[in-house]
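Student: Sequence isn't available, so here's the structure alone:
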């Protein structure tokens, strides 16, 4: 099954799809796509400098829309839906991702709580699920400071 998926990735890459689009399609990071391609002896295309044509509507996205565009929802019957962070994890490849709100960077789980409740947590948080990149606010428990 994994080999079949890897062959689909190789075929799609050879047809011109980018690493990021493949990552979004198959639900893995673009770094993992790159590794799969290298394992299958595929010559990677040079990226060079890419000029992005940003649609005019991009600047008008709300904070929630920006946040949710970097989240992949994974269904789980037992613990509810996991919101898996597929955005960047910061410069040092931290365990938890980072997201900018009003010019300040926050951990993604903190940003997720702010986006759903409208307030930042005032105390430490405890994770209830075992998925490291899950940012679903329902899977975080706010500990009391007393």
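Tutor: Alright, I've got the coordinates. Small disclaimer: the values here were computed from a predicted structure and weren't measured. Numbers count the residues shown, from 1 in each chain.
Student: Now the spatially most central residue of the chain. Nearest residue, chain neighbours left out?
Tutor: Geometric centre of the chain, nearest residue: residue 86, 1.1 Å, by CA atoms, centre = their mean. Once flanking residues are discounted, residue 86 sits nearest to residue 72: 5.1 Å by CB to CB, 6 or more residues apart in numbering. Backbone N, C-alpha and C define where each C-beta goes, glycine included.
Student: Downstream of the helix or strand harbouring that neighbour, the next helix or strand is which one?
Tutor: Using DSSP states H and E, residue 72 falls within strand 71-74. Where DSSP H and E defines the elements, the next helix or strand beyond strand 71-74 is strand 82-85.
Student: Which other helices and strands does that next one contact?
Tutor: strand 71-74 (3 or more CB pairs under 8 Å, 6 or more residues apart in numbering; DSSP states H and E).
Student: so the residue nearest to the centre of the chain touches residue 73, yeah?
Tutor: No: counting by CB atoms under 8 Å, residue 86 sits too far from residue 73 to count as a contact (10.6 Å).
Student: Give me the contacts around the longest helix that the chain contains.
Tutor: Counting by DSSP state H, the longest helix found in the chain is helix 2-14. With contacts defined as CB atoms under 8 Å, 6 or more residues apart in numbering, helix 2-14 is touched by 19, 22, 25, 26, 33, 36, 37, 39, 40, 42.
Student: Same question for stretch 36-46.
Tutor: Contacts with stretch 36-46, where a contact means CB under 8 Å, 6+ apart, come from 6, 9, 10, 13, 14, 34.
Student: Now the last one: closest residue in space, sequence neighbours ignored.
Tutor: So that's residue 34. Nearest non-adjacent residue to residue 34, counting by CB to CB, 6+ apart: residue 19, 5.8 Å away.
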